[in-house]
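Chemist: sharing a model that was predicted from the sequence below.
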Amino acid sequence: MIQSVKQNSSIEAFFILIRAGLFGRIEGAGGLLPDHVDWAEVYQLALEQRVIGLVTEGMEILQHECSAPLVPQAWTVKFVSVTLQMEKLNQTMNRFVAGLVNKLRKNGINSLLLKGQGVAQSYEKPLWRVCGDVDLLLSEKDYQKAKDFLLPFVSCSDPEDKFKKHVGITIGGWLVELHGSLRCGFSSRIDRELDKVYEDTMLGGKWRSWMNRKVEVFMMREENDVLYVFTHFLNHFFKGGIGVRQISDWSRLLWSFRDSLDLQYIESRLRDMGLMSEWKAFGMYAVEYLGMPEHAMPLFDDSDKWKQKAQLIHEFIIKSGSVGYQRMKMKMEKNGEKESFLTRKVESSGHRACDLASISRIFPMDTLRFFPSIVENGIRQK
């Protein structure tokens, strides 16, 4: 019982810091009392959910508002140290992105940056967001040209997904993902609409940009970026892996563009995709757990139905973050061991079945609706 109470206190402390880091919310700071919080647990949560920088920013904001120290000094030093290392890594990655985009452009290949370092620009401290891969969106013609042009620089590559028009390649230690479409592969209906978003992006020419080290890096227009980030994390959600970072990215995009978004366009696309329930449930989660102001969440519905779903999402995120972290750790430990295609498929299918059973409690009808496409897509991938 004592361990359970401690863990609950630690989870609450974690989310108090997340709300402060994301939106400057300082309510509930009294919950950060050293006697009640297991800071090793908070640190582990930050690792699992990939939000070390957000938690560190939350510590800074809350400490500025409160006279007494809220976080033990040893843990403050640990969080700050890891965050500063991450800041340097982000700076290195930004240099790589600028060089890659510039090199492609000089060879007549135009690209748009998806997610990642582009979304990071929506944060108060972009360099404190945990970085991942470099995702580039290209026209059908430039997708093939980019594959051919970058081949001499590639140290290794993943098998290409022909349906999604997607391939992952490693250049100079960085994983670069080339996208010739926006398809996710967990619903044919959603993929059809994402094809329209792709066409709107490539043919409409409505982009925004980020000046990265004197290189103008283009990204999708705000509404399409919001929709893609949302469907992308839903893809991970229905396939068993989602964390606070993905929903934080979506929330920060919505917050940053709250006064300029075309809400009718977003609503129309969501209805065509059949994702209104998921939007409202995750919207409630962002408001209730991440501190997103209600007025900045499009289509917000303050009813008990969505609060109940948000609570289930919360439980799933805490559980899947821990499980996903352990699965990744095991995968890295086995990295050199050769596993057969069948072994990998049986293992991943088992994980997916367990995850879908949990998700079916939250979105029962859509779990059934998406299941065939998820299975088909899983078989298609080598």
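Modeler: Happy to help now that I have it. Bear in mind the structure is a predicted one, so any value in this text is a computation, not a measurement.
Chemist: pull out the buried positions in the helix or strand M93 falls within.
Modeler: Taking DSSP states H and E as the criterion, M93 maps to helix 73-106. Within helix 73-106, the residues scored as buried using 16 or more other Cβ atoms under 10 Å are 75-76, 78-79, 82-83, 86-87, 90, 93-94, 96-98, 100-102, 104. Using the backbone N, CA and C atoms, a C-beta is placed for each residue, glycine as well.
Chemist: cool, and stretch 312-322?
Modeler: Neighbour count says stretch 312-322 has L312, I313, H314, F316, I317, I318, S320, G321 buried, by 16+ other Cβ under 10 Å.
Chemist: might you report the residue contacts of the residue nearest to the first one when sequence neighbours are not counted?
Modeler: What sits nearest to L312 in space, not counting adjacent residues and going by Cβ to Cβ, 6 or more residues apart in numbering, is I362, at 4.6 Å. Under the criterion of Cβ atoms under 8 Å, 6 or more residues apart in numbering, the contact list for I362 reads A281, K309, L312, I313, F316.
Chemist: I'd say the last one and S358 touch.
Modeler: When you say that, I think you mean F316. Yes - at 5.7 Å, F316 counts as touching S358 under the criterion of Cβ atoms under 8 Å.
Chemist: which strand or helix spans A40?
Modeler: Using DSSP H and E, A40 falls in helix 39-49.
Chemist: pLDDT of that helix, averaged?
Modeler: Here helix 39-49 scores 95 as its mean pLDDT.
Chemist: now do it and helix 73-106, the angle between them.
Modeler: Here the directions of helix 39-49 and helix 73-106 differ by 10 degrees (axes from the mean of the first three to the mean of the last three Cα atoms, to 10 degrees).
Chemist: CA atoms only for helix 39-49, dumped as CSV, please.
Modeler: Extracted in CSV, the C-alpha atoms of helix 39-49 (Å, rounded to 0.1, in the frame of the first residue of the first chain):
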residue,chain,number,x,y,z
TRP,A,39,12.4,11.1,-7.5
ALA,A,40,13.9,8.0,-8.9
GLU,A,41,10.4,7.1,-10.1
VAL,A,42,9.9,10.6,-11.6
TYR,A,43,13.2,10.3,-13.4
GLN,A,44,12.3,6.9,-14.8
LEU,A,45,8.9,8.2,-16.0
ALA,A,46,10.7,11.1,-17.8
LEU,A,47,13.0,8.6,-19.5
GLU,A,48,10.1,6.2,-20.5
GLN,A,49,7.9,9.1,-21.8
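Chemist: which intervals of the chain have sub-threshold pLDDT?
Modeler: When residues are selected by pLDDT under 70, those of the chain lie in 1-7, 321-356, 371-382.
Chemist: how about the helices in the stretch 101-250 of the chain?
Modeler: 116-120, 140-150, 188-204, 222-238, 244-256 (DSSP state H, counting those that start in this stretch).
Chemist: quick one, which of those helices is nearest to M276?
Modeler: With Cβ to Cβ as the measure, helix 222-238 is the member of these nearest M276 (11.6 Å).
Chemist: which one of the buried residues of stretch 312-322 is nearest to V215?
Modeler: G321 (34.4 Å).
Chemist: what's the first helix or strand after the helix holding A40?
Modeler: Counting by DSSP H and E, what follows helix 39-49 is helix 52-65.
Chemist: which elements pack onto that next one?
Modeler: With contacts taken as 3 or more Cβ pairs under 8 Å, 6 or more residues apart in numbering; DSSP states H and E, helix 52-65 sits against helix 2-23, helix 39-49, helix 73-106, helix 244-256.
Chemist: would you reformat those helices as TSV and include distance to E140?
Modeler: As requested, the helices and strands packed on helix 52-65 are arranged in TSV below (distance: least, Cβ to Cβ, whole Å):
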stretch	distance to E140
helix 2-23	37
helix 39-49	36
helix 73-106	15
helix 244-256	26
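Chemist: right, and these - which one's nearest K141?
Modeler: Here helix 73-106 is closest among the helices and strands packed on helix 52-65 (Cβ to Cβ), at 12.9 Å.
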